[in-house]
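**Q** just the structure for this:
(2 chains)
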Amino acid sequence: MKLATWNVNSLAVRLPQVLDWLAVNPVDALCLQELKLPDDKFPLQALQEAGYGHCAVFGQKTYNGVAIVSRLPLRDVAKNIQGFADEQSRVIAATLDTPRGALRLVNGYFVNGQAPGTDKFAYKMQWLAGLRHWLAGELAASPGLVLVGDFNITFDDRDTYDPEGLRETIHHTSEERAQFQALLELGLVDAFRLFEQPEKSYSWWDYREFAFRRNRGLRIDHILVSQPLKPHVKSCLIDKLPRKNERPSDHVPVVVELD
DNA sequence: ATGACGGTGTGGCACCGA
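**A** The predicted structure follows:
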């Protein structure tokens, strides 16, 4: 059983790359963020023809937008954080019935936050608190839960190319990392760090200043698994290859394998 | 200190992302 997450930064632009990637990496479900298109523009048919006949979509024009595309049926689809009013399409959750039982999959495009002290940063903090409160209930109802997405948070200094120079800047603040810690304390584990990983592993690189070539990146796309799933995690990898594509997304996929 | 690149929607650019 393989799951993946990928911020595609416009599905309209990236659809051919998504289809190419799925042909090589036929994961059971792929969670997408930053669709930047409304539901009626979602390429249901192309994904269905690629073997992904089950899609849960929560789109939005221009900004945001998330989806789960799956080979397995999806049920109990939820959009955004219950109990947190939000104009932006940032969360979609669904339950997959796997051979090992029910798996609750939560896919988030976390708020960017711009810079500490701004209104957007305040929104990020409120959003993170809302997510945590809602997730506590989701975890109680669904012990087998996976939280994936573009978190827009580095968890520690290993997740950033410049820990000193970027200290307490956006994606690196104590407040953001405390919110991440609070998510772990709900009973979640960072699947990527369950394994030995290459040093300087990142999931995002700026388009500017040859950041990818210089490996000046951040690890901000994550897969967290609930404690009962921890013994079943077989691998967790970042696939950097799509960043070498023509017209790449600035993010690359993260893949987890569960037995 | 700023902007650098890329996507969108519009409009001759501005806004946003991270």
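
**Q** list the contacts of residue A:224.
**A** Each residue near residue A:224 by Cβ atoms under 8 Å, 6 or more residues apart in numbering is listed here: A:146, A:147, A:148, A:183, A:184, A:188, A:189, A:190, A:191. Yep, even glycine has a C-beta here, placed from its N, CA and C like the rest.

**Q** near DNA strand B, which residues of chain A are found?
**A** For chain A, the residues in contact with DNA strand B under the definition Cβ under 7 Å from any atom of the strand are A:7, A:9-10, A:12-13, A:34, A:36-37, A:61-63, A:112, A:114-115, A:120, A:150, A:152, A:170-171, A:204, A:206-209, A:218, A:220, A:247, A:250-251.

**Q** need the buried ones from those residues selected in ChimeraX.
**A** A single ChimeraX command suffices to select whichever of these are buried according to 16 or more other Cβ atoms under 10 Å:
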select /A:7,9,34,36,37,150,152,170,171,204,218,220,250,251
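
**Q** and residue A:102, that's in a strand?
**A** Yes - checked against DSSP: H, G, I helix; E, B strand; the rest coil, residue A:102 lies within a strand.

**Q** count of residues packed around the spatially closest residue to it that is not a sequence neighbour?
**A** Nearest non-adjacent residue to residue A:102, counting by Cβ to Cβ, 6 or more residues apart in numbering: residue A:95, 5.5 Å away. Counted with other Cβ atoms under 10 Å, the neighbours of residue A:95 add up to 20.

**Q** for residue A:95, which residues are in contact?
**A** In this structure, residue A:95 makes contact with A:74, A:75, A:76, A:102, A:103, A:104, A:105, A:142, judged by Cβ under 8 Å, 6+ apart.

**Q** if we use 6 Å, what do you get?
**A** With contacts defined as Cβ atoms under 6 Å, 6 or more residues apart in numbering, the neighbours of residue A:95 are A:75, A:76, A:102, A:104.

**Q** and these, which of them are buried?
**A** Applying 16+ other Cβ under 10 Å to the contacts of residue A:95, the neighbour count classes residue A:104 as buried.

**Q** and the closest residue to residue A:84 other than its chain neighbours, backbone torsions?
**A** Using Cβ to Cβ, 6+ apart and skipping residues adjacent in sequence, the residue nearest residue A:84 is residue A:130, 3.2 Å away. According to degrees, to the nearest 10, the main-chain angles of residue A:130 amount to phi -60, psi -40.

**Q** how far away is residue A:130 from DNA strand B?
**A** 17 Å (Cβ to the nearest atom of the strand, to the nearest Å).

**Q** also residue A:101?
**A** Residue A:101 sits 33 Å away from DNA strand B, taking Cβ to the nearest atom of the strand as the criterion.

**Q** ok, now residue A:166?
**A** Relative to DNA strand B, residue A:166 is positioned 10 Å away (criterion: Cβ to the nearest atom of the strand).

**Q** OK, contacts around that residue?
**A** Contact partners of residue A:166, counting by Cβ under 6 Å, 6+ apart, are A:160, A:172.

**Q** SS state for it?
**A** coil.

**Q** which parts of the stretch 1-150 of chain A are strands?
**A** When secondary structure is read from DSSP state E, counting those that start in this stretch, the stretch 1-150 of chain A shows strands at A:2-7, A:29-33, A:54-58, A:66-70, A:74-79, A:91-98, A:101-109, A:145-150.
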